[in-house]
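Peer 1: fold the following.
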Amino acid sequence: MIVIKHNGKVTVISGWRAWVVGAIMAVATAVVFGVVAFLILGLAVSVTAFVMILIPPIVIVALLVHFSDWFGERRD
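Peer 2: Residues are numbered from 1 along each chain as shown. Predicted coordinates:
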């Protein structure tokens, strides 16, 4: 049995209609959770790929700058 109170009016849904409404609500909830999980997983994979592609060149450039006296001109 589903009881809905709206603007002072009470609506009671019972029997097979309540089962149908409950099933529709369960499916809608599962779809919403699935979409949210898909978006969060996509964001996580995108950020991870971006970091894995971006970090190695940054480390290499930082090492080259740090050890530039080995590769560049000598300063006296």
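Peer 1: who are the packing partners of the helix or strand residue 30 falls within?
Peer 2: Using DSSP states H and E, residue 30 sits within helix 16-66. Helix 16-66 is packed against strand 2-6, with contacts defined by 3 or more Cβ pairs under 8 Å, 6 or more residues apart in numbering; DSSP states H and E. C-beta coordinates here come from the backbone N, C-alpha and C atoms, glycine included.
Peer 1: tell me the gap between the helix holding residue 30 and the middle of its chain.
Peer 2: Put simply, helix 16-66 sits 3 Å off its chain's centre (Cα atoms, centre = their mean, to the nearest Å).
Peer 1: got any ranges where this protein has weak pLDDT?
Peer 2: Counting by pLDDT under 70, the low-confidence segments of the chain come to 69-76.
Peer 1: kindly recompute the last result at 90.
Peer 2: Within the chain, the ranges that satisfy pLDDT under 90 run 1-8, 10-14, 16, 62-76.
Peer 1: so how far is residue 11 from the most centrally placed residue in it?
Peer 2: Nearest to the mean C-alpha position of the chain, by Cα atoms, centre = their mean, lies residue 40 at 1.3 Å. Remark: distance between residue 40 and residue 11 (Cβ to Cβ, to the nearest Å) = 36 Å.
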